[in-house]
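Predicted model and sequence follow; I will ask about them next.
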Amino acid sequence: MGEDLMSRRVVAVVQARLGSTRLPGKTLADIEGRPMLAHVAERAQAIPGVTETVVATTTNPIDQAIAAFARGAGIPCVRGSEEDVLDRFRLAAIEREAEIVVRVTADCPLLDPEVAGLVLGEYLHGGGAIDYVSNVHPPTYPDGLDTEVFSRDALEVAWREARMPSDREHVTSYVWRQPERFRLTNVSGREDWSAHRWTVDAEADLAFVRAVFASLRGHRGLIGMRDVLSLLRDHPEIRDLNAGLRRNEGFDRSLASDAVGRRAAGGFLAP
């Protein structure tokens with residue numbers, strides 16, 4: 001791996017807002033006496049190789065609370081479009097001078113820095129031959145440990161060219177939907193743990209993560225994937241708290257909206 005790549009500025013961008021449609025305010029929901037965003041930011045900063053963590057929130061007045069939290073916690077905060085998240089990420093990359101971007105979302109309080117580090121490590125070990133790497137194409141890790149790493153150049157291309165609302169909302173889909181154009185790779189686990197749901201998108205999810213943190217109270221260091229898997233083996237009733245919820249519902253809704261938009265435009269909206 002070249003020294004020039006190792007020395008480049010790696011910025012973890014935590015995507016955060018309070019206006020969630022299914023669980024409003026979840027980003028600052030209390031988990032063991034701390035806002036969920038605090039857990040996520042701490043874990044993002046602990047990813048091996050990350051230079052800096054920044055919160056990317058919106059200019060919506062309701063998200064002033066997120067900006068205030070970041071300011072009090074000493075975390076850089078960039079504010080941009082609520083709907084055009086791709087533009088928000090580009091703004092964060094510009095303001096924080098990112099050369100490599102690590103994308104995580106604020107609804108993943110069990111993000112494992114070790115797992116995320118495998119994704120970033122794969123990118124770095126590519127020696128500049130990779131545009132985008134994740135652990136979700138296909139997913140083998142629990143939902144909630146999702147990590148994406150991509151180059152500033154790939155981000156700029158997506159920002160200039162993406163037209164579909166789903167691509168503007170979900171940041172990286174314009175890149176990973178074009179394997180013939182971008183150099184993509186994926187990090188897979190030793191086993192398939194993808195049926196586990198550790199993200200927070202509904203009240204049942206919040207109950208689940210609160211139960212996990214409470215059950216592992218007093219754990220030394222950050223709770224990792226192996227710790228949670230061990231807990232759930234001993235206490236399957238905790239896993240049952242949010243059983244039945246589906247992965248990627250938000251992205252599926254965006255694709256459905258794209259289809260409606262294309263029909264309304266007479267089929268002239270670019271894919």
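Sure, I can see it. Numbering: from 1, shown residues only.

Tell me where the stretch 51-200 of the chain has helices.
64-73, 85-95, 113-125, 152-161, 165-170, 173-176 (DSSP state H, counting those that start in this stretch).

For Val40, list the residues it contacts.
Counting by CB atoms under 8 Å, 6 or more residues apart in numbering, Val40 touches Val14, Ala16, Val104, Thr105, Ala106, Asp107, Cys108, Pro109, Leu111. (Glycine included, C-beta is placed from N, CA and C.)

Determine which two of those residues are furthest apart.
The two members of the contacts of Val40 with the most space between them (CB to CB) are Ala16 and Leu111, at 12.9 Å.

the more surrounded of the two?
Leu111 (30 against 26; other CB atoms under 10 Å).

Go ahead and confirm that one touches Leu145.
Yes: using CB atoms under 8 Å, Leu111 is in contact with Leu145, at 6.1 Å.

just to revisit the earlier point, closest to Ile75 among the contacts of Val40?
Within the contacts of Val40, the smallest distance to Ile75 is 8.3 Å, found for Val14 (CB to CB).

and the closest one, how many neighbours?
Neighbours around Val14, by other CB under 10 Å: 28.

With Ala214 instead?
Neighbour number of Ala214 under other CB under 10 Å is 11.

Pull the contacting residues for it.
Ala214 sits in contact with Glu32, where contact means CB under 8 Å, 6+ apart.

confidence score at it?
At Ala214, the predicted lDDT confidence score is 98.

Relative to Ala65, how far out is it?
Distance from Ala214 to Ala65, counting by CB to CB, to the nearest Å: 25 Å.

Can I get stretch 28-45 in CSV, CA atoms only?
C-alpha atoms of stretch 28-45 as CSV (Å, rounded to 0.1, in the frame of the first residue of the first chain):
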residue,chain,number,x,y,z
LEU,A,28,-31.1,12.2,19.7
ALA,A,29,-33.0,9.4,21.5
ASP,A,30,-31.6,8.5,24.8
ILE,A,31,-29.6,5.2,25.1
GLU,A,32,-28.1,4.6,28.5
GLY,A,33,-28.0,8.3,29.3
ARG,A,34,-26.5,9.5,26.0
PRO,A,35,-28.0,10.6,22.7
MET,A,36,-27.9,7.9,20.0
LEU,A,37,-25.8,10.3,17.9
ALA,A,38,-23.1,10.4,20.6
HIS,A,39,-22.7,6.6,20.4
VAL,A,40,-22.5,6.7,16.6
ALA,A,41,-20.0,9.5,16.5
GLU,A,42,-17.8,7.9,19.1
ARG,A,43,-17.8,4.6,17.1
ALA,A,44,-17.1,6.4,13.8
GLN,A,45,-14.1,8.1,15.3
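
ok, and the closest non-adjacent residue to His235?
Ser215 (6.7 Å; CB to CB, 6 or more residues apart in numbering).

contacting residues around that neighbour?
With CB under 8 Å, 6+ apart, Ser215 has these contacts: Leu231, His235, Ile238.

can you give me the strands for the stretch 151-271 of the chain?
Here the stretch 151-271 of the chain has its strands, by DSSP state E, counting those that start in this stretch, at 184-186.

quick one: low-confidence parts of the chain?
1-6, 248-271 (pLDDT under 70).

Spatially central residue in it, please.
Val104 (2.4 Å; CA atoms, centre = their mean).

Hmm, it is touching Leu111, no?
Yes: if you go by CB under 8 Å, Val104 and Leu111 touch, sitting 5.9 Å apart.
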